[in-house]
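1. The amino acid sequence is not available; the structure is as follows:
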């Protein structure tokens, strides 16, 4: 025998009259939220991609810093 003995479960005296209810049907949002968030993320990504600078500005040396050898 170990320190903790396995005892059979017993009913709690206060909670013996509980009845389980069947789950209701999920709402429209719960059924389709993954689709809505995926489309929203795709549109946000496309919008962000359209607002990036295609040609990044490069640092051109100025005339004062060019050495003439």
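-> Here it is on my side, so go on. Here the structure is a predicted model, which means the values were calculated and not measured.
2. Can you tell me which residue is spatially central in this structure?
-> residue 37 (9.5 Å; C-alpha atoms, centre = their mean).
3. So what's the gap between the helix or strand harbouring that one and the chain middle?
-> Residue 37 belongs to helix 28-50 when assigned by DSSP states H and E. Its chain's C-alpha centre and that of helix 28-50 lie 12 Å apart, by C-alpha atoms, centre = their mean, to the nearest Å.
4. Could you list every helix and strand in contact with that helix?
-> On a contact count with 3 or more C-beta pairs under 8 Å, 6 or more residues apart in numbering; DSSP states H and E, helix 28-50 meets no helix or strand. C-beta here means a position set from N, CA and C on the backbone, and glycine is covered the same way.
5. Identify the residues contacting residue 34.
-> Under the criterion of C-beta atoms under 8 Å, 6 or more residues apart in numbering, residue 34 has no neighbours.
6. quick one: it from residue 40, how far?
-> Going from residue 34 to residue 40 by C-beta to C-beta, to the nearest Å gives 11 Å.
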